[in-house]
Structures are given as structure tokens and as C-alpha cells.
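Enquirer: Turn this into a model:
(one chain, ligands or ions: 1)
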Amino acid sequence: MIKTPLCELLNIKYPIIQGGMAWVADANLASAVSNAGGLGLIAAMNMPAEALRQEIRKMRKLTDKPFGVNIMLMSPYAEEVAKVVCEEKVEVVTTGAGNPSKYMEMWNENGIKVIPVVASTAHAKKVIRGGAVAVIAEGQEAGGHIGELTTMVLIPQICDAVDVPVIAAGGIADGRTFAAAMMLGAVGVQVGTRFLVAKECNISQAYKDMVVKAKDIDTIVTGKRLGHPVRCLKSPFSRSYAKCEYDSNVTNEELEKLGSGALRLAAVDGDTKNGCFMAGQSAALVREEQTAKEIIEDMVFGAEKVLKTSGRWIV
Ligand code: TUI
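Expert: The predicted model follows:
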């Protein structure tokens, strides 16, 4: 049994948080993760306030376990969804793609545990000064919007820099990577890519098939030119977007337009030509569709096995 301070902090059985993936992490997936003993997250992504409220209420019908909402700070609706999580008395908020400082006081006053995703030590220190109870340190192996450092070097540095629990993210998809994150000082992990193929995850079959088939070098990072790098699976869309980035005849406005709506095309329509299939480098470790419970138990028992034998080379 793996039990860490994160289990007590969040009142969960296993120290596994599901990533707040846009167009993926709805009440269906999040409740399956929470019911299996992890912390499920609803992604507020670019949702208006009322749509998020409905998803939270649906979630309460599907589980009586703790869950959270991930707020993507670049969303045009960030301000209004920040209020909805207070009104709906959500227990945990994670944030991504920016600095949550301006909302932290309101969330703390409403008793919400705030756990920002950070990609550097400076950002980690800033959010802790603002009242974060823990941080999710995400390496660039992750899918979606990413920072610059790898999980391997980021986690120990964040652990040294802060005195709150550190949750590792980026490249974690099985027992070995879970155990490795704990060796680096993390007290929990956030998992995105592997939950893409959860049976309770309602994305297109084409998306799931691409994740299961992905090999080690099958992801690509686009968006650097616009200042928000995004990791996704190689596809006709991502290859042609990457080409446009290097083409000085393509304006930034044209690039913005090219990307808009592509994630929905992937997740909802399964459009393998025009969709943007966000996934992390760990896609190559994901081999089959399983229930959220099977995924969590495989990771926990796998990590236990590795951690139990971790002293075997010490003589
Ligand atoms: O946020 C994510 N992953 C995401 S957000 C997203 S939606 C999107 N789509 C297109 C372009 C951009 C976003 C898809 N995937 N992960 C958490 C994360 N946050 N990773 C990195 C960061 C981050 C980066 C910079 C956090 C803070 C930051 O700057 C701190 C500051 O002070 O502004």
C-alpha cells in the first residue's frame, strides 16, 4: 500500500491526480478516477461558467469522493469559472498555463485547496506565497501546454525550493515512472496521457487508437513561436502547423487561426487529418484501453513492486 501525505491532504486512497485535460476530462472520467481512489479533475478549459456548474453538479451525482476542477488560466472565462468553483464549494482547484495569484485569496477564503501546475522554481515559490497548499511540478514530457525543463531535473529542484507537498507530472504512466517520481521527492503524481485511454474517457476512438499506437518519437512540440508550446501526437495537422511556424510568410494571426478548434476536432470528431491530438511522451508506454480503476491499480501495485526492490543494489 502506498500512502503519502497527499492522501491525507486530499482525503484520497492513492496519491494519483488525473490531469485536467481540455475536451477530455469531464465528469464521466473524473468520477471514475475519484471512485477508484485517485483525485478526478473536471477540466474547465474554455467553458463558460454555467457549463462548468452543470458539469460539477453532474459530478456530485456520480461520486461522493473528493474531486477537483482544473482552471486553464488562458481561458477567456477564467474570471467567471474562478467564482463558480467557490459557489459550488469545490474542494480542490488546480491551475494551468499561467499565474493564478489574482484568484488565490478568493479561493483560500472559500476553503478551496489550491494546487497550481508549475514548470519552474520561481513560479512554485510565487504560488506558495499566495497560499497554494501543494504544487504540481510538470516536466516537458507532458502533453498539452508545457514548460522547458524535464521531469527528472524539475522535481528535485522544486522539492528543494519549497516546503509544501510536490506532485510530479510529465512522463508518468506506469509503476516504474510513478516510483521514479517518488524517488525524486514527489509525494504523488498527476497522470494525463494514460487516462486518455480509460474506458470511462469519452474521447473519439481515433484519439485512443493513436495513443495506443504511438511510439517513442511520435510526439511533436508546436506553438513555440506564439509563446505557448504544446506537445501533441504527430499528425497531418501538427506537421503542417510546424511547417507554418518556420514559414515567415505565415503571420502570427494566421497561426492562431490554424490552431483554433483543432483540439475539439481530435477529441470529439476523431478527425485524424485536422485534429490536434494532445498527448505526452509517455504515450509510448500506454498499450491498452483499461478502466480507470485498472489503470490506477496497475500504477500503484507496479510502483510498490519497484520501490520494494529499490535497495537491491546496495551492498
Ligand atoms: O496547462 C497545462 N496544459 C495545457 S493547457 C492547454 S489549453 C492550451 N491550448 C493551446 C495553447 C495553450 C494552452 C493544453 N494543455 N499544463 C499545466 C502547465 N502550466 N504547464 C506549464 C504551465 C505553466 C507555464 C507557464 C504555468 C505557468 C507559467 O507561467 C507562470 C507565470 O508566472 O506566468
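
Enquirer: hang on, Val166 packs against Gln157?
Expert: No - judged on C-beta atoms under 8 Å, Val166 makes no contact with Gln157 at a distance of 10.0 Å. Yep, even glycine has a C-beta here, placed from its N, CA and C like the rest.

Enquirer: Those residues of this protein touching the ligand, which are they?
Expert: Taking C-beta under 6 Å from any ligand atom as the test, the list of the chain residues beside the ligand reads 22, 72, 74, 96-99, 117-119, 123, 138, 144-147, 223, 228, 230, 278.

Enquirer: Give me the buried entries from those residues.
Expert: The neighbour-count test (16 or more other C-beta atoms under 10 Å) marks 22, 72, 96-98, 117-119, 123, 138, 144-147, 223, 230, 278 as buried among the residues of the chain next to the ligand.

Enquirer: Let's see which of those residues end up in strands.
Expert: Residues from these lying in strands, with DSSP state E as the criterion: Met72, Gly96, Val117, Val118, Glu138, Gly144, His145, Val230.

Enquirer: So of the residues you listed, which two are at opposite extremes in space?
Expert: Greatest spacing in these, by C-beta to C-beta: Val118 and Val230 (17.4 Å).

Enquirer: about what we covered before: have a look at Val166 and Gln157 and say which one is more surrounded.
Expert: Neighbours were tallied for Val166 and for Gln157 using other C-beta atoms under 10 Å; the higher tally belongs to Val166 (26 against 16).

Enquirer: Show the pLDDT at that one.
Expert: Note for Val166: predicted pLDDT of 98.

Enquirer: what's across from it in the sheet?
Expert: Beta-bridge pairing for Val166 (DSSP bridges): Val135.

Enquirer: now it: how far from Ser282?
Expert: Taken as C-beta to C-beta, to the nearest Å, the spacing of Val166 relative to Ser282 amounts to 19 Å.

Enquirer: my guess is Leu307 meets Met182, correct?
Expert: Yes - distance between Leu307 and Met182: 6.8 Å, which falls inside the contact criterion (C-beta under 8 Å).

Enquirer: How many residues are close by the closest residue to Ala267 other than its chain neighbours?
Expert: Nearest-residue entry for Ala267: Trp23, 3.7 Å, with adjacent residues in sequence omitted and distances by C-beta to C-beta, 6 or more residues apart in numbering. Under the neighbour criterion other C-beta under 10 Å, Trp23 is assigned a count of 20.

Enquirer: for stretch 232-245, which positions count as buried?
Expert: Along stretch 232-245, the positions that meet the burial threshold by neighbour count (16+ other C-beta under 10 Å) are Cys232, Leu233, Lys234, Ser235, Phe237, Ser238, Tyr241, Ala242, Cys244, Glu245.

Enquirer: Run through who's touching it.
Expert: The set of residues that contact stretch 232-245 without belonging to it, under C-beta atoms under 8 Å, 6 or more residues apart in numbering, is 143-144, 210-211, 214, 218-220, 222-225, 250, 254-255, 258-259, 262, 272-279, 283.

Enquirer: hmm, try it at 6 Å
Expert: By C-beta atoms under 6 Å, 6 or more residues apart in numbering, the list of residues contacting stretch 232-245 from outside reads 210, 214, 218-220, 222, 225, 250, 258, 262, 273-279.

Enquirer: Please enumerate the strands of the stretch 101-250 of the chain.
Expert: Shown for the stretch 101-250 of the chain, the strands assigned by DSSP state E, counting those that start in this stretch span residues 113-118, 135-138, 144-145, 166-169, 188-191, 219-222, 230-233.
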